[in-house]
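**Student:** Provided below for reference: sequence and predicted model.
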Number of protein chains: 2
Amino acid sequence: MKQYLEIYRKNLFESVIPFWMNHSIDTECGGYFTCLDEKGAVFDDSKYVWLQARQVWTFAKLYNTVREDPQWLAIAEHGMRFLRKCARLPDGRVCFSMDRAGQPKAIQRKIFSECFLLLALAEMYRATREEIYREEAVALLNLIEQFISEPELLGRPILPGARATRSLAVPMIYLNLVEEMDGILDEEDLKVKRESSIHETLAHLDPDLKVFRENLDENGIFNDLPEGRLINPGHSIEACWFLLHAAGRCELPEIWVTILEALQGSLSLGWDHDEDGLFYFIDADGKPPRQLEWSMKLWWPHTEALYALALAFTLTGDHSFEQWHQRIHEYAFTRFADEVDGEWFGYCDRYGNLTHRLKGGDYKGCFHVPRALLYTVKVLERL
Amino acid sequence: MKQYLEIYRKNLFESVIPFWMNHSIDTECGGYFTCLDEKGAVFDDSKYVWLQARQVWTFAKLYNTVREDPQWLAIAEHGMRFLRKCARLPDGRVCFSMDRAGQPKAIQRKIFSECFLLLALAEMYRATREEIYREEAVALLNLIEQFISEPELLGRPILPGARATRSLAVPMIYLNLVEEMDGILDEEDLKVKRESSIHETLAHLDPDLKVFRENLDENGIFNDLPEGRLINPGHSIEACWFLLHAAGRCELPEIWVTILEALQGSLSLGWDHDEDGLFYFIDADGKPPRQLEWSMKLWWPHTEALYALALAFTLTGDHSFEQWHQRIHEYAFTRFADEVDGEWFGYCDRYGNLTHRLKGGDYKGCFHVPRALLYTVKVLERL
């Protein structure tokens, strides 16, 4: 495994981070451009809040965990300033997208804009110890908790035929929030939150397939509808490493076996055994997925797998994780990583041909690639 | 062109219609199953209102224009009963989906559920002359007009950065509603509505590319953002035949040249000159489309092209339309039409490989294929 350390360091610090430093900073209006083509030219100057906040998090995290480079902190502060100035609506909600100048364009009836802003604030607090970031992060967590317990506040009508779906994304992101609030909230408080979200995430585990399913109905079962059968292998893999982190913090090693089996299950089921690569979506019963793009190969399930496998291998020494890691690494570095212009491409069809030559868009920014590379470097350094 | 007449008749009456008659009727709970696999087995028993209403329209249209087969009328009435019983919410809106029993599951902040219910009601009125259908169709048209003029009533917040987008889908569907309200509303009233929606549809025509673009901003220009550059070739082709119908009714032959050029433009730009088939989405400047599935080949742009080209050829005798028709026909009948189990498949990847083996889903039902076949048969019969 250690052979990868230098590859990932080089990719992170010489290809990925320079791409965003060189092309994404909007020095005129603030914030970051994220819709960047192969060479870094802007093809959409909208500001997508998930990606603004995630880029703040990435640069603050580099500053906090690699070295205190003032340039990294300045980039994080640049995005944070724009977000704090523009992203909150009068009712306190965080919008989904803005125009270049920061006027709100769209709002989702989901909690994720709030969640990613919280991650950015928490990491900025760790970087600067400025009290305002801590206060705003804590206030946002309260708001998010309110939305989780009363989802009708998000504005989506809950109709009688819909059988209130519980989405895997919610306890997963909450696990991530709890991890990132470490040192900000009281450890006893975090412990309670952590254990309940571990429990809620594990409720999505299909005991036969050993993979996390996306949706549970109100009775805690997977219904026999496309939503109940839906599996997002990348999400399932990401859930595994979120859980490994949380279980370590909770000293719950007894659930490690379950999580490691889920990682194996997610890879076996999610891998395209004919054409290679991880599918974007699959139906648990092999029925037609609702998503037209289900068979595409996206960059981020592969980045999540790279880190989850490096972590699983260092925890267990089990060579099956090493073999999977090698397979994912080869696929990802052949198809996605761009040695010429930096960063990674994001989207391939089933056969591994690029469908989009962009490096960033409305859902791809400076986040999954650097996070996975940084975390993998850290775990391999400890090996 | 006349060689196709028998092919389309046979496909419509021996393959497509029997598939829906045999597999889609829910005799227990009412309405239709539309999520049907290759052989007609149900893989999702939800009731999608667009497709419930469109199937009512199709069977009523067959009854009204082919022969007064009581079985067809009974099928249309079966769906209409379910829709009238279940699809309206207490506030008068029409939901987007229901569970099998007809409990509402989801509602869109769009007008299309209302529009397709109107089409069903109007066709049922023509079939039965039952006054209630006419009254409900007229009332729905008023509601739709109110939503078009005050879109905030649909519940989507209009934020200052969004520059109120005008979507091609709105004047297009309105053109279609006006066509289907023929004989129900007063002809003078229809004429005014028809001419204004021709005008509004033509505002989306890109004068250089000769193709309809999806979105205009509030100033009537195509902005340089993914939404302003977006082209949906199938939609653009469908707009052409809607306009040819409307222009004929308005005695506006002077716009025929414009429309026929737009049909040529839509085909030239929408066709995949490397792999064949019509793309689902393209960016007017060749920048990365936001849609992950942009390069897929869907059945419906091809059905719309089949009819638009048959119509354009009969109107003009221009053999370039005949050549395009042949090319589309070969693609569609090789990739989509299923001689074995009936109906058409719906979704291919860029290379023409099926990505889904379903015959119906949440957006594919008994509509585009039979409508295009029926209309093409009718136009070829007149040739």
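**Tutor:** Sure, I can see it.
**Student:** Report the buried residues of the strand or helix carrying residue A:5.
**Tutor:** Residue A:5 belongs to helix A:3-10 when assigned by DSSP states H and E. Judged by neighbour count using 16 or more other Cβ atoms under 10 Å in any protein chain shown, the buried positions of helix A:3-10 are A:4, A:5, A:8, A:9. Every C-beta, even on glycine, is put in place using the N, C-alpha and C of the backbone.
**Student:** Return the set of residues that bridge with the spatially closest residue to residue A:362 that is not a sequence neighbour.
**Tutor:** Computed as Cβ to Cβ, 6 or more residues apart in numbering or on different chains, the closest residue to residue A:362 that is not its neighbour in sequence is residue A:48, at 5.0 Å. Per DSSP bridges, the residues bridged to residue A:48 are residue A:97.
**Student:** I figured residue A:48 hits residue A:367, correct?
**Tutor:** No: if you go by Cβ atoms under 8 Å, residue A:48 and residue A:367 don't touch, sitting 11.2 Å apart.
**Student:** Quick one: name the residues of the stretch 151-300 of chain A near chain B.
**Tutor:** When proximity is defined as Cβ under 8 Å from any Cβ of the partner chain, the stretch 151-300 of chain A approaches chain B at A:155, A:157, A:159-163, A:225-226, A:287-290, A:292-296.
**Student:** Report the contact partners of the residue nearest to residue A:362.
**Tutor:** Contact analysis of residue A:48 by Cβ atoms under 8 Å, 6 or more residues apart in numbering or on different chains lists A:34, A:35, A:96, A:97, A:362, A:363, A:365.
**Student:** and the buried residues of helix A:3-10 as TSV, adding pLDDT?
**Tutor:** Below are those laid out as TSV (pLDDT from 0 to 100):
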residue	pLDDT
A:4	97
A:5	97
A:8	98
A:9	98
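**Student:** Tell me which two of these sit farthest apart.
**Tutor:** Using Cβ to Cβ, those span at most 9.4 Å, a distance reached by A:4 and A:9.
**Student:** can you give me the helices for chain A?
**Tutor:** Ranges of helices within chain A are A:3-10, A:17-23, A:49-65, A:70-86, A:112-128, A:131-149, A:169-180, A:187-202, A:226-229, A:233-250, A:256-270, A:299-316, A:319-335, A:368-381, based on DSSP state H.
**Student:** and the fifth one, average pLDDT?
**Tutor:** Along helix A:112-128, the predicted confidence averages to a pLDDT of 98.
**Student:** Run the chain-centre distance for it.
**Tutor:** Relative to its chain's centre, helix A:112-128 lies at 14 Å (Cα atoms, centre = their mean, to the nearest Å).
**Student:** which other helices and strands contact it?
**Tutor:** helix A:49-65, helix A:70-86, helix A:131-149, helix A:169-180 (3 or more Cβ pairs under 8 Å, 6 or more residues apart in numbering or on different chains; DSSP states H and E).
**Student:** Which one, of these, ends up nearest to residue B:43?
**Tutor:** Closest approach to residue B:43 among those (Cβ to Cβ): helix A:169-180, 23.7 Å.
**Student:** Please list the residues outside that closest one that contact it.
**Tutor:** Outside helix A:169-180, the residues that reach it (Cβ under 8 Å, 6+ apart) are A:111-112, A:115, A:118-119, A:122-123, A:141, A:144, A:148, A:190, A:193-194, A:197-198, A:200-201, A:203-204, A:214, A:235, A:238-239, A:242-243, A:245-246, A:249.
**Student:** In PyMOL, select just the buried ones from these.
**Tutor:** Paste this into PyMOL to select the buried members of the contacts of helix A:169-180, with burial taken from 16+ other Cβ under 10 Å:
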select buried, chain A and resi 111+112+115+118+119+122+123+141+144+148+190+193+194+197+198+200+201+204+214+235+238+239+242+243+245+246+249
